[in-house]
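1. Show me the folded form of this:
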Amino acid sequence: MSTLTGKKISQTYEGLLKTSDETPLSATPKSITDGLGNSSGIKLDTDGNLDAKNTVSFRQIKVRGEDVTINKFINESDGIANNDDDVSLPTSAAVKDYVDQTVTAEDLDTSGNTGTGSVDLDSQALQIRGANGITTNAFENAIDIDGSALETSINTNTSVILTNATNITANTTLINERTAGITIGETTGGDRAKDFTFQTVNFGGTPNSQFIMSQQGKFTTKSLKVENALESTATENRFINNGRVEIGSNQQTSGSSNLSLGLNNTNISNYAFVSGTGNAIRSSVNAFIAGQGNTLDESPEGIALGEKNNLNDAPSSVVIGEKNSIDGGSVTQSSVRSQAFGFGNQVEGYSSMAVGGQNFVGTAQNGFAFGFKNNIGGDSTNFAIGENNKQLLGRGGYMIGGNLNGQTNTMVLGYRNDITKRPTPDQTTGLSDTRIEIGVGDVNDHTAMLITEGGATISGVPQVARIILPTIKEFDFTDDNDAANNGIPIGGLYHFKGDLKIRLV
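-> Next up, the predicted model:
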């Protein structure tokens with residue numbers, strides 16, 4: 001039997017652990033060595049802090065007082081969707097892969113008089129297809145509708161019209177020689193004209209060509225071409241000059257080569273299409289609106305689908321849903337390229353996106369919010385997934401969960417984190433900024449784990465990653481039985497006078 005009385009540890013039991021200076025533990029971390037003075041690579045202090053020089057390996061990790069045990073890190077190949085549980089943590093690659101797949105899964109639903117469909121916004125394009133003599137051609141940001149085949153078909157059937165004199169009153173010469181024009185609609189005696197179907201109709205050829213439809217007669221054509229037509233005095237359907245076409249009531253149009261369908265729409269642009277009620281396109285070349293109360297103002301190549309959506313100075317942007325807005329008035333980029341899908345989302349910046357409801361994206365560029373009432377700002381590349389997450393400054397913030405407060409270049413996970421638990425960086429001792437934060441609060445803010453940055457060298461000092469458990473200090477128990485009586489489950493961490501322990505029984 002060895003004895004320590006009057007002897008050095010190395011003379012009695014070389015495997016016995018001791019502090020490097022053979023004095024008691026203090027608030028300053030001390031190296032732990034064996035009896036011969038060989039370093040273990042571990043430092044301990046009286047506050048329960050443990051500093052390991054190399055890898056800390058564990059089977060499970062659990063926050064004292066919480067019924068959550070972490071036993072796995074999910075990488076990209078594992079997949080977050082395949083590990084919907086409370087016992088694992090995702091890596092940044094796994095989170096990015098999950099975000100990419102989530103965005104890819106978003107579809108634009110479409111419907112017609114019959115049938116429904118959807119457009120994969122990540123990989124598909126909305127098709128406008130022609131039929132029965134109408135063809136369409138898409139080039140860059142324009143869609144051309146061509147009815148030339150239908151026009152040719154009508155021209156080849158001219159003899160049928162010429163010989164059918166009984167149905168064309170008092171027409172003893174060719175139709176193209178009638179300088180007085182042809183009226184299709186209500187007669188002075190109150191009789192209404194029959195419905196008319198044509199293969200091709202050409203309006204134009206002379207500066208004074210006009211076409212006025214009655215409210216009762218039905219006009220059907222497979223090809224329609226309007227050239228050099230002057231504005232009609234009718235308030236219903238009309239074709240006006242410079243290739244503009246209005247179908248509906250109370251339309252206000254200018255510019256050239258645009259089309260307005262519906263009621264009370266304003267189309268003041270070139271090559272623009274508006275359909276619905278109370279929509280407005282202003283100075284937005286090659287723009288597209290369908291729905292009610294939408295506005296595209298100085299937003300070329302913009303698209304708005306739904307109700308009361310707004311694009312302002314936001315080129316190449318898309319809003320779909322209700323009361324979404326993209327405002328590029330303060331953006332210095334020439335092409336905003338942002339999207340908003342859902343309800344009440346607001347985007348201010350370029351190359352940004354909001355999906356869900358009442359999200360605000362004020363990030364200058366590359367801001368992404370998915371969920372409900374997320375609020376992100378800063379200058380670049382901030383992400384929020386979930387509900388009521390917030391990061392107003394900086395860049396590189398990733399928040400997944402609810403009621404989280406983000407931070408520059410930091411991954412924050414969970415629910416209701418406590419930002420006061422983040423340690424103050426001290427690069428002179430190798431303690432750098434927090435990079436991963438896990439919140440587990442329910443009603444009040446609470447942080448379960450913090451991981452600081454490692455790997456960098458700042459002012460000649462290597463920055464070593466720290467794993468911080470803010471609540472571990474509170475669990476000071478003498479042994480496993482004491483820990484069990486105070487709510488520490490098997491496998492849970494606790495300490496006794498600063499010595500870290502794991503409950504095993």
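
2. can you tell me which residues contact residue 121?
-> 103, 106-108, 341 (C-beta atoms under 8 Å, 6 or more residues apart in numbering). Any C-beta I mention is one placed from the backbone N, CA and C, and that applies to glycine too.

3. repeat for residue 335
-> So residue 335 contacts 315-316, 350 (C-beta under 8 Å, 6+ apart).

4. quick revisit: between the contacts of residue 121, which sits nearest residue 306?
-> Checking the contacts of residue 121 against residue 306 with C-beta to C-beta, the nearest one is residue 341 at 9.4 Å.

5. and the longest helix for the protein?
-> Longest helix of the chain, by residue count under DSSP state H: helix 92-104.

6. Dump it to PDB, keeping only the CA atoms.
-> Extracted in PDB, the C-alpha atoms of helix 92-104 (Å, rounded to 0.1, in the frame of the first residue of the first chain):
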ATOM      1  CA  SER A  92     -25.000  24.300 -41.300                       C
ATOM      2  CA  ALA A  93     -24.800  22.200 -44.500                       C
ATOM      3  CA  ALA A  94     -27.900  20.200 -43.400                       C
ATOM      4  CA  VAL A  95     -29.700  23.500 -42.700                       C
ATOM      5  CA  LYS A  96     -28.800  25.000 -46.100                       C
ATOM      6  CA  ASP A  97     -29.900  21.800 -47.800                       C
ATOM      7  CA  TYR A  98     -33.200  21.800 -46.000                       C
ATOM      8  CA  VAL A  99     -33.800  25.500 -46.900                       C
ATOM      9  CA  ASP A 100     -32.900  24.800 -50.500                       C
ATOM     10  CA  GLN A 101     -35.400  21.900 -50.600                       C
ATOM     11  CA  THR A 102     -38.100  24.000 -48.900                       C
ATOM     12  CA  VAL A 103     -37.800  26.800 -51.500                       C
ATOM     13  CA  THR A 104     -37.800  24.200 -54.300                       C
END
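
7. Tell me the helices and strands packed up against that helix.
-> Helices and strands touching helix 92-104, as assessed by 3 or more C-beta pairs under 8 Å, 6 or more residues apart in numbering; DSSP states H and E, comprise strand 367-372, strand 382-387, strand 398-402.

8. please redo it, this time with the cut-off set to 10 Å
-> Taking 3 or more C-beta pairs under 10 Å, 6 or more residues apart in numbering; DSSP states H and E as contact, the helices and strands that helix 92-104 lies on are strand 72-74, strand 88-90, strand 353-357, strand 367-372, strand 382-387, strand 398-402, strand 411-415.

9. Okay, now the sheet partners of the last one, with direction.
-> Note on strand 411-415: by DSSP bridges, its sheet partners are strand 398-402 (parallel), strand 434-440 (parallel).

10. on that earlier part again, the helices and strands packed on helix 92-104 into JSON lines, with extra columns for distance to residue 459, mean pLDDT and mean neighbour count?
-> Below are these laid out as JSON lines (distance: least, C-beta to C-beta, whole Å; pLDDT from 0 to 100; neighbours: other C-beta atoms under 10 Å):
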{"stretch": "strand 72-74", "distance to residue 459": "31", "mean pLDDT": "86", "mean neighbour count": "15"}
{"stretch": "strand 88-90", "distance to residue 459": "31", "mean pLDDT": "87", "mean neighbour count": "19"}
{"stretch": "strand 353-357", "distance to residue 459": "39", "mean pLDDT": "97", "mean neighbour count": "23"}
{"stretch": "strand 367-372", "distance to residue 459": "32", "mean pLDDT": "98", "mean neighbour count": "25"}
{"stretch": "strand 382-387", "distance to residue 459": "28", "mean pLDDT": "97", "mean neighbour count": "25"}
{"stretch": "strand 398-402", "distance to residue 459": "27", "mean pLDDT": "97", "mean neighbour count": "23"}
{"stretch": "strand 411-415", "distance to residue 459": "25", "mean pLDDT": "96", "mean neighbour count": "22"}
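
11. The strands paired with strand 411-415: which one's closest to residue 56?
-> Going by C-beta to C-beta, the one of those nearest residue 56 is strand 434-440, 14.6 Å.

12. where does residue 342 land in three-state SS?
-> For residue 342, the assignment made with DSSP: H, G, I helix; E, B strand; the rest coil gives strand.

13. Residue 320 versus that one, what's the distance?
-> Using C-beta to C-beta, to the nearest Å, residue 342 is found at 8 Å from residue 320.

14. can you check residue 146 too?
-> Residue 146 is 28 Å from residue 320, by C-beta to C-beta.

15. Tell me which of the two has more neighbours.
-> More crowded of residue 146 and residue 320, by other C-beta atoms under 10 Å: residue 320, with 21 against 15.

16. So what pairs up with that one in the strands?
-> residue 305, residue 341.

17. Need the pLDDT of it.
-> Looking at residue 320, its pLDDT reads 97.

18. cool, residue 129 as well?
-> So residue 129 comes in at 81 (pLDDT).

19. can you check residue 7 too?
-> Reported pLDDT for residue 7: 64.

20. Next: residue 158.
-> For residue 158, the model assigns a pLDDT of 59.

21. sorry, back to before: packing partners for the helix or strand following the longest helix of the chain?
-> Downstream of helix 92-104, the next assigned helix or strand under DSSP states H and E is strand 107-111. Applying 3+ C-beta pairs under 10 Å, 6+ apart, we find strand 107-111 packed against strand 116-120, strand 318-322.

22. one more time with 7 Å
-> With contacts defined as 3 or more C-beta pairs under 7 Å, 6 or more residues apart in numbering; DSSP states H and E, strand 107-111 has these neighbours: strand 116-120.

23. C-terminal to the strand it packs on, what's the next element?
-> Downstream of strand 116-120 (by DSSP H and E), the next one is strand 135-139.

24. So which residues make contact with that next one?
-> By C-beta atoms under 7 Å, 6 or more residues apart in numbering, the surrounding residues in contact with strand 135-139 are 128-130, 143-146, 149.

25. just stretch 278-298 next, same as before
-> 141-142, 264-277, 299-313.

26. what stretches of the stretch 51-200 of the chain score poorly on pLDDT?
-> The stretch 51-200 of the chain contains residues with pLDDT under 70 at 103-105, 122, 157-200.

27. Phi and psi next, for residue 152.
-> Residue 152 adopts backbone torsions of phi -60, psi -40, taken as degrees, to the nearest 10.

28. gap between residue 466 and residue 147?
-> 71 Å.

29. Counting neighbours, go ahead and name the busier of the two.
-> residue 147 (22 against 18).

30. That one reaches residue 133, doesn't it?
-> Yes: counting by C-beta atoms under 7 Å, residue 133 is a contact partner of residue 147 at 6.3 Å.

31. sorry, back to before: need the contacts of residue 335 in a markdown table (columns: secondary structure, pLDDT and neighbour count).
-> Converted to a markdown table, those look like this (DSSP: H, G, I helix; E, B strand; the rest coil; pLDDT from 0 to 100; neighbours: other C-beta atoms under 10 Å):
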| residue | secondary structure | pLDDT | neighbour count |
| --- | --- | --- | --- |
| 315 | coil | 94 | 24 |
| 316 | coil | 95 | 21 |
| 350 | strand | 94 | 24 |
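
32. Any chance of these in TSV with distance to residue 364 as columns?
-> Below are the contacts of residue 335 laid out as TSV (distance: C-beta to C-beta, whole Å):
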residue	distance to residue 364
315	16
316	17
350	8
